[in-house]
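> Build the 3D model from these lines:
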Amino acid sequence: MALRLDRLLASQGPWSRKEAKGLIKAGRVRVGDRVARRPEERVDPLATPVFVDGEPLAYRRHRHVLVHKPPGVLSATRDPRAPTVLDLVPEELRRRDLGLAGRLDKDAEGLVLLTTDGELAHRLTHPRWKVEKVYEVLLDAPVGEAEARAFAEGLAGFAPAELLPLPGARARVILREGKHHQVKRMFRAVGRRVLRLLRVRLGPLELGDLPRGAARALSDDEEAALYRAVGL
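Below you'll find the predicted structure:
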(Lines give C-alpha, C1' and ligand atoms only; values in the text may rest on other atoms or scores of the structure.)
Protein backbone atom coordinates (compact mmCIF):
# COMPACT_ATOMS: atom_id res chain seq x y z
CA MET A 1 0.00 0.00 0.00
CA ALA A 2 1.88 3.05 -1.27
CA LEU A 3 1.18 6.42 0.36
CA ARG A 4 2.43 9.94 -0.30
CA LEU A 5 5.41 10.48 1.97
CA ASP A 6 4.12 13.74 3.46
CA ARG A 7 0.73 12.15 4.19
CA LEU A 8 2.41 9.10 5.70
CA LEU A 9 4.40 11.26 8.12
CA ALA A 10 1.36 13.35 9.05
CA SER A 11 -0.69 10.21 9.71
CA GLN A 12 1.90 8.60 11.98
CA GLY A 13 3.24 11.48 14.03
CA PRO A 14 2.45 14.90 15.50
CA TRP A 15 3.30 16.76 12.29
CA SER A 16 0.91 18.58 10.01
CA ARG A 17 1.20 18.03 6.25
CA LYS A 18 3.05 21.36 6.00
CA GLU A 19 5.47 20.36 8.76
CA ALA A 20 6.01 16.96 7.14
CA LYS A 21 6.90 18.63 3.84
CA GLY A 22 9.37 20.82 5.70
CA LEU A 23 11.05 17.78 7.23
CA ILE A 24 11.41 16.15 3.83
CA LYS A 25 12.75 19.28 2.11
CA ALA A 26 15.25 19.76 4.95
CA GLY A 27 16.68 16.30 4.28
CA ARG A 28 15.60 14.93 7.66
CA VAL A 29 13.63 12.00 6.22
CA ARG A 30 15.16 8.82 4.87
CA VAL A 31 13.40 6.12 2.86
CA GLY A 32 15.39 2.93 3.11
CA ASP A 33 19.05 3.89 2.72
CA ARG A 34 18.53 7.18 0.84
CA VAL A 35 17.48 10.68 1.80
CA ALA A 36 14.00 11.58 0.55
CA ARG A 37 13.57 14.90 -1.25
CA ARG A 38 10.03 14.88 -2.68
CA PRO A 39 6.92 15.10 -0.42
CA GLU A 40 4.81 13.57 -3.20
CA GLU A 41 7.00 10.44 -3.39
CA ARG A 42 4.93 7.28 -2.79
CA VAL A 43 6.18 4.82 -0.19
CA ASP A 44 4.94 1.46 1.05
CA PRO A 45 5.79 1.63 4.77
CA LEU A 46 5.25 -2.12 5.15
CA ALA A 47 7.91 -2.84 2.53
CA THR A 48 10.42 -0.01 3.03
CA PRO A 49 11.47 1.50 6.39
CA VAL A 50 11.14 5.25 6.84
CA PHE A 51 13.30 7.27 9.24
CA VAL A 52 12.89 10.79 10.64
CA ASP A 53 16.05 12.31 12.13
CA GLY A 54 17.49 8.80 12.19
CA GLU A 55 14.59 7.33 14.19
CA PRO A 56 12.45 4.63 12.52
CA LEU A 57 8.83 5.50 11.84
CA ALA A 58 6.71 2.75 13.43
CA TYR A 59 3.86 2.43 10.96
CA ARG A 60 0.40 1.48 12.20
CA ARG A 61 -2.74 2.06 10.19
CA HIS A 62 -4.51 3.20 13.36
CA ARG A 63 -3.39 4.27 16.78
CA HIS A 64 -5.28 3.65 20.02
CA VAL A 65 -4.30 5.28 23.32
CA LEU A 66 -5.74 4.45 26.73
CA VAL A 67 -5.77 7.40 29.17
CA HIS A 68 -6.51 7.54 32.90
CA LYS A 69 -8.44 10.80 32.99
CA PRO A 70 -8.27 12.70 36.29
CA PRO A 71 -11.14 14.85 37.57
CA GLY A 72 -11.08 18.35 36.13
CA VAL A 73 -9.76 17.27 32.72
CA LEU A 74 -12.12 17.57 29.77
CA SER A 75 -13.03 14.62 27.55
CA ALA A 76 -12.02 16.58 24.47
CA THR A 77 -9.07 16.93 22.14
CA ARG A 78 -8.83 20.71 22.36
CA ASP A 79 -10.16 23.48 24.54
CA PRO A 80 -8.72 26.98 25.05
CA ARG A 81 -9.78 27.21 28.69
CA ALA A 82 -9.14 23.82 30.30
CA PRO A 83 -6.79 20.82 30.04
CA THR A 84 -8.00 17.95 27.85
CA VAL A 85 -7.27 14.22 27.71
CA LEU A 86 -5.17 14.81 24.59
CA ASP A 87 -2.88 17.01 26.70
CA LEU A 88 -2.09 13.88 28.75
CA VAL A 89 -0.87 11.90 25.73
CA PRO A 90 2.94 11.97 25.36
CA GLU A 91 4.34 13.33 22.12
CA GLU A 92 5.51 9.93 20.86
CA LEU A 93 1.92 8.57 20.98
CA ARG A 94 0.18 11.56 19.42
CA ARG A 95 -1.38 11.69 16.02
CA ARG A 96 -3.27 14.65 14.66
CA ASP A 97 -6.40 12.58 13.95
CA LEU A 98 -6.79 11.05 17.42
CA GLY A 99 -10.41 11.30 18.53
CA LEU A 100 -12.49 10.19 21.51
CA ALA A 101 -14.31 6.88 21.75
CA GLY A 102 -16.80 7.97 24.39
CA ARG A 103 -16.61 10.68 27.03
CA LEU A 104 -16.54 11.11 30.77
CA ASP A 105 -17.95 14.06 32.70
CA LYS A 106 -15.40 16.70 33.73
CA ASP A 107 -15.59 15.66 37.40
CA ALA A 108 -15.45 11.91 36.59
CA GLU A 109 -12.25 9.92 36.20
CA GLY A 110 -10.94 6.71 34.76
CA LEU A 111 -10.57 4.99 31.41
CA VAL A 112 -10.85 7.06 28.24
CA LEU A 113 -9.89 5.74 24.81
CA LEU A 114 -8.48 7.87 22.03
CA THR A 115 -8.36 6.33 18.55
CA THR A 116 -7.77 7.29 14.94
CA ASP A 117 -10.37 4.74 13.79
CA GLY A 118 -13.70 6.53 13.49
CA GLU A 119 -15.72 3.38 12.81
CA LEU A 120 -14.28 1.71 15.91
CA ALA A 121 -15.15 4.77 18.01
CA HIS A 122 -18.70 4.77 16.63
CA ARG A 123 -19.29 1.12 17.43
CA LEU A 124 -17.83 1.38 20.93
CA THR A 125 -20.32 4.12 21.80
CA HIS A 126 -23.44 3.04 19.87
CA PRO A 127 -25.99 1.05 21.94
CA ARG A 128 -26.48 -1.40 19.07
CA TRP A 129 -23.12 -3.05 19.83
CA LYS A 130 -23.83 -3.38 23.58
CA VAL A 131 -20.24 -2.71 24.61
CA GLU A 132 -20.04 -2.83 28.40
CA LYS A 133 -18.90 0.24 30.32
CA VAL A 134 -18.06 -0.53 33.95
CA TYR A 135 -17.95 2.10 36.70
CA GLU A 136 -17.04 2.12 40.37
CA VAL A 137 -19.12 4.66 42.25
CA LEU A 138 -18.99 6.30 45.68
CA LEU A 139 -22.43 7.50 46.84
CA ASP A 140 -23.83 9.66 49.61
CA ALA A 141 -25.63 6.63 51.09
CA PRO A 142 -25.52 2.84 50.62
CA VAL A 143 -27.68 1.02 48.05
CA GLY A 144 -29.20 -2.46 48.22
CA GLU A 145 -31.40 -4.94 46.42
CA ALA A 146 -34.24 -2.47 45.83
CA GLU A 147 -31.97 -0.10 43.91
CA ALA A 148 -30.40 -3.02 42.03
CA ARG A 149 -33.86 -4.15 40.89
CA ALA A 150 -34.72 -0.64 39.76
CA PHE A 151 -31.55 -0.48 37.64
CA ALA A 152 -32.24 -3.93 36.18
CA GLU A 153 -35.71 -2.83 35.07
CA GLY A 154 -34.49 0.44 33.55
CA LEU A 155 -35.33 3.86 34.93
CA ALA A 156 -35.15 7.59 34.18
CA GLY A 157 -35.57 6.81 30.49
CA PHE A 158 -32.48 4.59 30.34
CA ALA A 159 -32.11 0.96 29.33
CA PRO A 160 -31.63 -1.69 32.03
CA ALA A 161 -28.23 -1.70 33.74
CA GLU A 162 -26.51 -3.88 36.31
CA LEU A 163 -25.98 -2.47 39.80
CA LEU A 164 -23.83 -4.40 42.24
CA PRO A 165 -23.95 -2.93 45.78
CA LEU A 166 -20.56 -2.96 47.52
CA PRO A 167 -19.64 -2.46 51.19
CA GLY A 168 -20.20 1.03 52.52
CA ALA A 169 -21.70 3.57 50.15
CA ARG A 170 -19.99 2.07 47.11
CA ALA A 171 -21.33 0.28 44.05
CA ARG A 172 -20.34 -1.08 40.66
CA VAL A 173 -22.45 -0.26 37.59
CA ILE A 174 -22.39 -1.96 34.19
CA LEU A 175 -23.98 -0.10 31.26
CA ARG A 176 -24.47 -1.16 27.66
CA GLU A 177 -25.28 2.32 26.47
CA GLY A 178 -23.62 5.53 27.59
CA LYS A 179 -25.82 8.60 27.50
CA HIS A 180 -25.06 12.02 28.95
CA HIS A 181 -24.75 11.93 32.77
CA GLN A 182 -26.40 8.48 32.70
CA VAL A 183 -24.91 7.01 35.88
CA LYS A 184 -25.59 10.17 37.90
CA ARG A 185 -29.15 10.47 36.60
CA MET A 186 -29.97 6.83 37.31
CA PHE A 187 -28.76 7.14 40.88
CA ARG A 188 -30.63 10.42 41.28
CA ALA A 189 -33.80 8.55 40.27
CA VAL A 190 -33.36 6.21 43.25
CA GLY A 191 -32.54 9.02 45.68
CA ARG A 192 -28.76 8.80 45.71
CA ARG A 193 -26.04 11.30 44.79
CA VAL A 194 -22.79 10.29 43.11
CA LEU A 195 -19.73 11.61 44.94
CA ARG A 196 -17.08 9.89 42.85
CA LEU A 197 -17.32 8.16 39.47
CA LEU A 198 -14.48 6.00 38.12
CA ARG A 199 -14.67 4.11 34.81
CA VAL A 200 -12.62 0.93 35.15
CA ARG A 201 -13.50 -0.95 31.96
CA LEU A 202 -14.58 -0.33 28.37
CA GLY A 203 -15.42 -3.57 26.59
CA PRO A 204 -12.34 -5.78 26.96
CA LEU A 205 -10.09 -2.87 28.02
CA GLU A 206 -9.21 -2.60 31.72
CA LEU A 207 -7.91 0.53 33.44
CA GLY A 208 -5.78 -1.71 35.66
CA ASP A 209 -3.00 0.02 37.57
CA LEU A 210 -2.40 2.83 35.03
CA PRO A 211 -1.68 5.89 37.20
CA ARG A 212 -4.04 8.86 37.17
CA GLY A 213 -3.03 11.26 34.39
CA ALA A 214 -0.98 8.63 32.50
CA ALA A 215 -1.50 7.30 28.97
CA ARG A 216 -0.28 4.27 27.05
CA ALA A 217 -0.72 2.62 23.67
CA LEU A 218 -2.82 -0.53 23.47
CA SER A 219 -1.04 -3.84 23.13
CA ASP A 220 -1.61 -5.93 20.00
CA ASP A 221 -3.78 -8.33 22.02
CA GLU A 222 -5.90 -5.49 23.42
CA GLU A 223 -6.37 -4.00 19.96
CA ALA A 224 -7.46 -7.37 18.53
CA ALA A 225 -9.90 -7.94 21.42
CA LEU A 226 -11.36 -4.47 20.95
CA TYR A 227 -12.05 -5.05 17.26
CA ARG A 228 -13.59 -8.45 17.99
CA ALA A 229 -15.90 -6.86 20.56
CA VAL A 230 -17.49 -4.66 17.89
CA GLY A 231 -17.40 -7.09 14.97
CA LEU A 232 -14.56 -5.47 13.03
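
> Look up how far residue 65 lies from the residue lying farthest from the centre of the chain.
Distance from the C-alpha centroid of the chain peaks at residue 34, with 36.6 Å (Cα atoms, centre = their mean). Noted for residue 34: a distance of 32 Å to residue 65, by Cβ to Cβ, to the nearest Å. C-betas here are computed from N, CA, C, even on glycine.

> Return the helix or strand in the chain with minimum mean pLDDT.
In the chain, no helix or strand scores lower on mean pLDDT, DSSP states H and E than helix 5-12, which sits at a mean of 84.

> Specify the next element, helix or strand, located C-terminal of that one.
With elements assigned by DSSP states H and E, the helix or strand that comes after helix 5-12 is helix 17-25.

> Give me the number of neighbouring residues for residue 59.
16 (other Cβ atoms under 10 Å).

> Can you check the pLDDT for it?
On the pLDDT scale, residue 59 is placed at 78.

> hang on, it is in a helix, isn't it?
No - applying DSSP: H, G, I helix; E, B strand; the rest coil, one finds residue 59 to be coil, outside a helix.

> Let's check: the centremost residue of the chain is which one?
In the chain, the residue lying closest to the centroid (Cα atoms, centre = their mean) is residue 113, at 1.0 Å.

> Find the nearest non-adjacent residue to it, please.
residue 101 (4.3 Å; Cβ to Cβ, 6 or more residues apart in numbering).

> if I pick the one you found, what's in contact with it?
113, 114, 115, 120, 121, 124, 125, 202 (Cβ atoms under 8 Å, 6 or more residues apart in numbering).

> Quick check: the two most widely separated of those?
With distances taken as Cβ to Cβ, the most widely separated pair in these is 114 and 125, at 13.0 Å.

> hmm, back to that, so how far is the least confident helix or strand of the chain from its chain's centroid?
Relative to the chain's own centre, helix 5-12 is displaced by 22 Å; criterion: Cα atoms, centre = their mean, to the nearest Å.

> Counting by contacts, list what that helix packs against.
Counting contacts by 3 or more Cβ pairs under 8 Å, 6 or more residues apart in numbering; DSSP states H and E, helix 5-12 packs against helix 17-25, strand 29-31, strand 42-43, strand 50-52.

> Tell me where the model's unsure across the chain.
Counting by pLDDT under 70, the chain shows no low-confidence range.

> So it: which segments form each domain?
3-56, 64-127+204-229, 132-202 (automatic domain parsing).

> now the residue farthest from the centre of the chain: how far from residue 48?
Using Cβ to Cβ, residue 34 is found at 10 Å from residue 48.

> And residue 92, by the same measure?
Distance, residue 92 to residue 48, by Cβ to Cβ: 22 Å.

> same deal with residue 121?
30 Å.

> Same drill for the two, tell me which one is more crowded.
Legend: neighbour count by other Cβ under 10 Å for residue 121 and residue 48, higher for residue 121 (19 against 11).

> Show the contacting residues for that one.
By Cβ under 8 Å, 6+ apart, the contact list for residue 121 reads 99, 100, 101, 102, 113, 115.

> One more pass at 10 Å, please.
64, 99, 100, 101, 102, 113, 114, 115, 230 (Cβ atoms under 10 Å, 6 or more residues apart in numbering).
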